[in-house]
Each structure stands twice: as structure tokens, then as C-alpha cells.
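>>> Here is my input; please provide its structure:
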Amino acid sequence: MTGSANDRQYTTGATTFGFRTVAEGERQGLVNQVFSGVAERYDLMNDLMSLGVHRIWKRFVASETGLRPGQSAIDVAGGTADISILMADRVGEAGNVVVYDINHEMLKVGHEKCIDKGYLRNIRFVQGNGEE
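Model (predicted):
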């Protein structure tokens, strides 16, 4: 066989997951397992790994949307809804935000967070694959 390992990877229907090669069709299931397993601790993990800097990044992202009261937005790969909550503040009760994520457990954590913070009035949760 000629070519690099990357060339072979694409021609054989295989892809990488972490440090191993897996069949392309298996990758999404493995990713889902990882995120389902960490969903309850995802926000804490981000705080610890970034020393809280991810919260600054998220506020920056929300501010750069240019959203105004009454508008609508979708947060693709929105997971635990941190950015969605910030966008919901910008669009107000007259606006709408959709949290769109492939992983049910991440959406569940985000939904519970929104209940706790009183944000269900203008935030909706939709499970789907952003790559599609």
C-alpha cells in the first residue's frame, strides 16, 4: 500500500478516536459515550481545565453575536447551555434561543441548569447532529 497513514485512513473508511483507529461508523457512538459519561461534571471540568477562562470566552462569544431583544438564535453543539443562557439574556423574553446538541445527557444537564436559573421561558432544547 502506498501513501501516508492519513491517506489509508480515508480510503479504508477508518478514522481516529483518541489514540486509536476505529471504523468511521463507530466514531459518533464513541463520542456520545464520552460526553454522556462526563455530562454531569462537564461544566466543572471546563472550570478546572481552563482555570475559569472558558467563562470569559463564552461571554465574548455571546457579545459578538450582536443579538438584540426579540431576536432568535441557535446554539449548535450547545450542550449544557452556558452560551445559550447568555444569548437568552441578550434576546430577552420576547426572543428565543434553541440549544441544539447531539448528546441527550448534555442537553439534560443544560435543561436542568435552565430550570434552576429560571431560563425556560425563551430557551428550547433540540437533539440533533450539527454535522448534518
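
>>> Tell me which stretches of this structure form helices.
Taking DSSP state H, the helices of the chain run over residues 5-11, 24-38, 42-50, 53-64, 82-91, 104-117.

>>> Now render the ones you listed as a markdown table, adding distance to Val98, mean neighbour count and mean pLDDT.
Backbone N, C-alpha and C define where each C-beta goes, glycine included. Output for those, formatted as a markdown table (distance: least, C-beta to C-beta, whole Å; neighbours: other C-beta atoms under 10 Å; pLDDT from 0 to 100):
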| stretch | distance to Val98 | mean neighbour count | mean pLDDT |
| --- | --- | --- | --- |
| helix 5-11 | 33 | 11 | 48 |
| helix 24-38 | 19 | 13 | 67 |
| helix 42-50 | 19 | 14 | 78 |
| helix 53-64 | 15 | 13 | 93 |
| helix 82-91 | 8 | 22 | 96 |
| helix 104-117 | 11 | 17 | 92 |
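
>>> got those helices as CSV, with distance to Val126 columns?
Converted to CSV, the helices of the chain look like this (distance: least, C-beta to C-beta, whole Å):
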stretch, distance to Val126
helix 5-11, 31
helix 24-38, 16
helix 42-50, 19
helix 53-64, 19
helix 82-91, 11
helix 104-117, 8
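
>>> So which of those helices is nearest Glu132?
helix 24-38 (10.7 Å; C-beta to C-beta).

>>> who's in contact with the residue nearest the centre of the chain?
Closest residue to the average C-alpha location of the chain: Ala77 at 2.8 Å, with C-alpha atoms, centre = their mean. Ala77 is in contact with 100-102, 130, counting by C-beta atoms under 8 Å, 6 or more residues apart in numbering.

>>> now swap in Gln127 and tell me
With contact taken as C-beta under 8 Å, 6+ apart, Gln127 is in contact with 100-104, 107.

>>> Can you name the two of these that sit furthest apart?
Pairwise distances across these peak at 12.5 Å for Tyr100 and His104 (criterion: C-beta to C-beta).

>>> where's the closest residue to Lys113 other than its chain neighbours relative to Gly25, distance?
In this structure, Lys113 finds its nearest non-sequential neighbour in Ala81, 5.7 Å apart by C-beta to C-beta, 6 or more residues apart in numbering. Going from Ala81 to Gly25 by C-beta to C-beta, to the nearest Å gives 29 Å.
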